[in-house]
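> need a structure here:
(one chain, ligands or ions: 1)
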Amino acid sequence: MCGIVGYVGKEQATPIIIEGLRRLEYRGYDSAGIALLNASSIHVVKEVGKLSALRSRLQKESPVGTTGIGHTRWATHGVPSEVNAHPHHDCTRSFMLVHNGIIENYTELRQELLDKGHRFVSETDTEVVVHLIEENYSGDLLRAMLSSMRRLKGAYAFAVIAAHEPDTIVAARCGSPLVVGVGNGCNLVASDASAVLSHTRRVVYLEDNHAVRLGRDNLVVCDIAGNEVEPNVKEITLNLSDMEKAGHPHFMIKEIFEQPSLVADVLMRRIPPTSREIDFQEARLQTLGLDRIRRVMMVSCGTACHASMVGKYYIEEFARLPVEVDVASEFRYRNPVITDDTLVIAISQSGETADTLAGVREARRRGAKVLSLINVEGSSIDRESDATLYVYAGPEIAVASTKAYTAQILALFLLALFLGRKRGLLEEPHFREVVKELRLIPGKMQSVLDNHEVVKICAHKFSDAPNFLYLGRSYNYPNALEGALKLKELSYIHAEGCGAGEMKHGPIALIDDTFPVVCLAPAGRVYEKMVSNMQEIRARRGILIAIATEGNKEMAAQCEHVISVPHTHEALSPLLTVIPLQLLAYYVTTMKGLDVDQPRNLAKSVTVE
Ligand code: F6R
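Below you'll find the predicted structure:
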């Protein structure tokens with residue numbers, strides 16, 4: 001939700017800031033802006049729309065300066081417009097500020113500032129902050145920021161420049177991510193490390209309620225009370241080349257096709273060929289006191305929540321622990337029963353999702369140990385959990401999650417096996433048999449991908465349908481929800497996912513001869529039940545699209561379109577059946593000419609409630 005970048009150094013800041021914003025555009029893309037400090041004047045350029053619009057404008061009026069800040073917006077308060085775009089300024093245009101997050105008490109602060117004579121121009125919550133800084137400024141921007149922070153409620157990351165303070169950026173955070181890039185003769189600040197990586201691998205993850213003053217060659221970090229704090233500089237290992245499209249037309253298709261190698265790499269790391277156990281060494285699982293755990297609660301949002309649902313089936317099956325799955329936005333505001341034998345598992349690709357992070361804090365406040373499954377190392381949830389299992393999906397740039405979902409399911413499967421072994425419930429022969437099948441998954445995923453033309457034909461046939469229904473049972477029920485989510489968020493076609501057994505309790509009323517129903521029907525315990533539900537759709541002339549196990553002739557006879565996946569252990573089938581669902585959403589969306597990597601209204605990292 002909004003990306004912020006700042007640069008202070010010796011080079012022209014505009015191209016550096018724009019390159020950083022390009023890396024952060026996944027966080028929001030309804031408007032963008034930049035402010036450059038040159039001597040004691042500040043030049044601001046803002047534009048509605050994607051970053052490309054700002055870029056074109058900058059070709060005509062290129063602001064000069066070696067200190068600057070930039071922003072790419074996902075609107076919360078106020079429509080996407082030039083006046084609501086960041087940076088925002090005070091009454092005298094002496095301060096320029098970019099913000100990611102939400103200021104909850106902005107109405108009351110705005111009134112207070114209006115009463116003091118401040119003039120507001122935008123509809124945003126952000127504008128109060130820059131006026132507060134103006135109000136609190138007496139020659140020291142860092143002090144003015146700290147005083148202002150003490151008045152704010154909500155979540156924020158800021159970067160601000162001042163006309164009277166050359167070669168200086170002040171930044172602060174509380175609840176929204178912010179990383180400082182420590183360069184050579186320059187310093188940067190950004191919403192995530194990808195935006196500073198072209199300049200430095202040395203970073204400081206700013207803590208909540210801390211602020212930093214960046215000069216070209218120095219940085220000073222303070223807590224909210226104004227005490228100086230020693231910055232903890234870390235080296236990051238990300239690769240910039242992993243963040244490019246590598247010849248693919250979109251990030252999404254690149255990421256879909258990366259799934260077999262991702263699974264192979266994770267297996268190599270977690271169960272090397274000579275190993276008989278799962279290696280979770282880096283995760284510090286011993287800090288969780290797993291021996292006394294009698295119950296698991298999972299907290300996550302969106303696609304990560306669908307992965308949690310698959311994880312519930314795994315942990316119940318292999319480790320015989322009861323599991324509850326909650327969407328984080330509900331978990332945090334109800335009164336969950338958490339006892340000291342409850343393990344809370346938080347799942348998040350970005351590690352920054354505001355609701356999931358709040359769930360982690362709430363669970364810990366109530367005394368639970370929290371294990372997180374995270375993709376982005378160093379993210380807020382990573383840092384605030386008792387233990388973290390990295391899912392190792394690599395950078396996921398497309399807004400719609402694909403490979404991170406697969407990596408989360410895989411991590412949960414391995415965790416369930418690990419717990420099953422630890423609890424003495426999974427005998428070695430059974431464990432070995434499952435792992436043997438698991439090692440075949442990358443090859444089987446590849447053969448699903450090799451068959452992508454079949455999915456493309458299906459997309460072509462049905463891309464004009466206004467509605468879709470997705471059905472699945474057991475391990476594939478969460479995939480039905482995930483398939484529907486992928487299609488609706490990318491193609492804007494209305495789609496619903498449903499447990500196949502639940503269909504007759506309502507959704508079946510939707511079925512007619514125009515309604516495509518995607519049925520996940522791989523071989524397994526519930527296959528026959530799935531077939532019965534498909535018959536019910538057929539009897540009402542619904543259009544059946546099946547994802548079924550190779551060689552299944554029954555499906556070919558009954559369905560309009562069949563997409564085959566190789567045979568596997570039924571618990572592993574979601575890793576195969578999800579690929580056609582991802583491809584279907586991708587092809588339908590590209591056939592409609594829509595922006596598959598940056599769908600409307602969305603952002604990848606949801607750092608507001
Ligand atoms: C959908 C999607 C979202 C995310 C959700 C949680 O394709 O990507 O539903 O899964 O916003 O994000 P993370 O996993 O970063 O917490």
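> tell me the contacts of the residue of the stretch 301-450 of the chain found nearest the ligand?
Going by CB to the nearest ligand atom, the ligand is nearest to G302 of the stretch 301-450 of the chain, at 1.9 Å. Glycine gets a C-beta too; all of them are placed from N, C-alpha and C. By CB atoms under 8 Å, 6 or more residues apart in numbering, the contact set of G302 is S401, L485, V606.
> For the spatially closest residue to the second one that is not a sequence neighbour, grab phi and psi.
It refers to L485. In this structure, L485 finds its nearest non-sequential neighbour in T303, 6.5 Å apart by CB to CB, 6 or more residues apart in numbering. Dihedral angles of T303 (phi, psi; degrees, to the nearest 10) stand at phi -60, psi -40.
> what about T303, how many residues close to it?
22 (other CB atoms under 10 Å).
> ok, now how distant is the spatially closest residue to L426 that is not a sequence neighbour from K116?
Nearest non-adjacent residue to L426, counting by CB to CB, 6+ apart: G420, 3.3 Å away. Noted for G420: a distance of 64 Å to K116, by CB to CB, to the nearest Å.
> before we move on, back to that, so what's the residue count around the residue nearest to L426?
22.
> check contacts around the residue nearest to L485.
By CB under 8 Å, 6+ apart, the neighbours of T303 are Q349, A400, S401, A404, Y405, E482, L485.
> Just send these back as CSV, with pLDDT and distance to the ligand too.
What follows is the contacts of T303, written out as CSV (pLDDT from 0 to 100; distance: CB to the nearest ligand atom, whole Å):
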residue, pLDDT, distance to the ligand
Q349, 97, 3
A400, 97, 4
S401, 98, 3
A404, 98, 6
Y405, 98, 8
E482, 98, 8
L485, 98, 6
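> Tabulate the residues you listed (CSV), appending secondary structure.
Formatted as CSV, those follow (DSSP: H, G, I helix; E, B strand; the rest coil):
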residue, secondary structure
Q349, coil
A400, coil
S401, coil
A404, helix
Y405, helix
E482, helix
L485, helix
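> And the buried ones among these, selectable in PyMOL?
The following PyMOL line selects those of the contacts of T303 that are buried, judged by 16 or more other CB atoms under 10 Å:
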select buried, resi 349+400+401+404+405+482+485
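> Nearest residue to E228 in space, ignoring adjacent ones along the chain?
Nearest to E228 is C222, by CB to CB, 6+ apart, at 5.6 Å.
> Could you confirm the one you found falls within a helix?
No: counting by three-state DSSP, C222 is not part of a helix but strand.
> Pull the number of nearby residues for it.
Neighbour tally, C222, other CB under 10 Å: 20.
> same check, this time on A500
For A500, the neighbour count with other CB under 10 Å is 29.
> what sits against it?
A500 neighbours (CB under 8 Å, 6+ apart): L471, G472, R473, Y477, A480, C519, K529, M530, N533.
> Could you identify the most distant pair in those residues?
The most widely separated members of the contacts of A500 are A480 and K529, with 13.7 Å between them, by CB to CB.
> Between the two, which has more neighbouring residues?
Looking at A480 and K529 with other CB under 10 Å, you find the greater number of neighbours at A480, namely 26 against 15.
> wouldn't the more buried one be in contact with M503 here?
No: with contact defined as CB atoms under 8 Å, A480 does not reach M503; the gap is 10.1 Å.
> where do the contact lists of the two overlap?
Residues within reach of A480 and of M503 at once, by CB under 8 Å, 6+ apart, are L471.
> follow-up on the earlier one: list the contacts of the residue nearest to L426.
Counted by CB under 8 Å, 6+ apart, G420 has contacts F318, A319, R320, L426, F431.
> ok, now with 10 Å
Y314, I315, E317, F318, A319, R320, L321, L426, E427, H430, F431, V434 (CB atoms under 10 Å, 6 or more residues apart in numbering).
> before we move on, what about V299?
Here V299 is in contact with 305, 308, 324-332, 336, 344-348, 353, 355-360, 362-363, 370, 372, 381 (CB under 10 Å, 6+ apart).
> Now which of those residues would you call buried?
Among the contacts of V299, those classed as buried by 16+ other CB under 10 Å are 305, 308, 324-329, 331-332, 336, 344-348, 353, 355-360, 362-363, 370, 372, 381.
> Isn't N184 up against R201?
No: N184 lies out of contact with R201 (CB atoms under 10 Å); the separation is 11.2 Å.
> And L97, how far from the ligand?
26 Å (CB to the nearest ligand atom, to the nearest Å).
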